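Based on what follows, work out the 3D shape:
(3 chains)
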Amino acid sequence: MSAAVVLRDIYNLLLVHFGPQHWWPGESPFEIMVGAVLTQNTSWQNVEKAIANLKTAELLSPAVLAALPPEVLAEHIRPAGYHNLKAGRLKNLLALITGQGGVEALLAQPTALLRELLLSVKGIGPETADSIVLYAAGQPVFVVDTYTHRIFSRHGLIGEECDYFQLQDLFMDNLEEDAALFNEYHALLVRLGKEFCKKTKPKCEDCPLAVLARKNGKKGIDNAK
DNA sequence: CCCCAGGCGTCCA
DNA sequence: TGGACGCATGGG
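Now for the predicted structure:
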């Protein structure tokens, strides 16, 4: 079974089962960027509270946040957890935005450069950078997260040791380079993870992907290490 | 009470 | 280079 076929089968199963997820849940590119930082190791439910706080206080714009003392910002985003840490990370991101002449100008940079710029920000790692590239800039990179790794390793499709970039390459080498596809695929994997592939309470027997086991066996994916 | 959530940086061998 | 740890709130 080729990787391309397996990846397509999984996508089709998930899309039929769950339907389109309409990601990212945010109203503007800047809101998406803020949400991407706030959701680091944090449930989206908590992030929503923090973003609602910012909106209510009319703080959710680059210019306003840039002028806000970090301690004040931290108080508003408290529900998202790690608020002191994340206030600093948002400040770092705002410095990049300002330095690049604004959100529009930053997000208009070519994919590879945009990714490098984001990764140069202290507090923005591979997943946060890729989330911004895909969901805020609409450029085609595949976003990997803990759910992606957990789902694929539990189904025996990759090894436990498969790292972020190996897993990302697996998708990007075997799917057409299409931002809309990458968008929906990642969103569907998160949906699946939340409902059927939690860390300690996997509902594997009910997993929509259970049919894959019979079709694909335990052979894994051909070019997965 | 416990464990977990759409990570990342630091430290230390 | 890689494994442990801190960061922190809200939900189940």
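
What residues does the residue in chain A that DNA strand B sits nearest to make contact with?
For chain A and DNA strand B, the shortest gap (C-beta to the nearest atom of the strand) falls at residue A:125, measuring 2.3 Å. C-betas here are computed from N, CA, C, even on glycine. Residues in contact with residue A:125 (C-beta atoms under 8 Å, 6 or more residues apart in numbering) are residue A:119.

And it, how far from residue A:169?
17 Å (C-beta to C-beta, to the nearest Å).

What of residue A:148?
From residue A:148 to residue A:169 the distance is 13 Å (C-beta to C-beta).

of these two, who's got more company?
Between residue A:148 and residue A:169, counting by other C-beta atoms under 10 Å, residue A:148 is the more crowded of the two (26 against 17).

Show me which positions of the strand or helix carrying that one end up buried.
For residue A:148, the host element (DSSP states H and E) is helix A:146-154. In terms of neighbour count (16 or more other C-beta atoms under 10 Å), helix A:146-154 has its buried residues at A:147, A:148, A:149, A:150, A:151, A:152, A:153, A:154.

ok, how many other residues are close to residue A:163?
Neighbours of residue A:163 using other C-beta under 10 Å come to 13.

Next: residue A:63.
11.

now do residue A:157
Count around residue A:157 with other C-beta under 10 Å applied: 24.

ok, back up a step: among the buried residues of helix A:146-154, which are in reach of DNA strand B?
residue A:147 (C-beta under 7 Å from any atom of the strand).

Closest to DNA strand C out of the buried residues of helix A:146-154?
Closest to DNA strand C, out of all of the buried residues of helix A:146-154 and judged by C-beta to the nearest atom of the strand, is residue A:149, at 12.7 Å.

shouldn't that closest one be in contact with residue A:165?
No. The criterion here is C-beta atoms under 8 Å, and residue A:149 misses it with residue A:165 at 11.9 Å.

Provide a list of residues in contact with residue A:133.
A:111, A:114, A:115, A:118, A:139, A:141.

Which one of the residues you listed is nearest to residue A:88?
residue A:118 (15.9 Å; C-beta to C-beta).

contacting residues for the closest one?
With C-beta under 8 Å, 6+ apart, residue A:118 has these contacts: A:96, A:124, A:128, A:129, A:132, A:133.

swap in residue A:57?
residue A:76.

Residues of chain A that sit close to DNA strand C?
A:41-43, A:45-46, A:49, A:78-79, A:81-86.

quick one on the thing from earlier: taking the contacts of residue A:133 one by one, which sit in helices?
Of those, the ones assigned to helices by DSSP state H are A:111, A:114, A:115, A:118.
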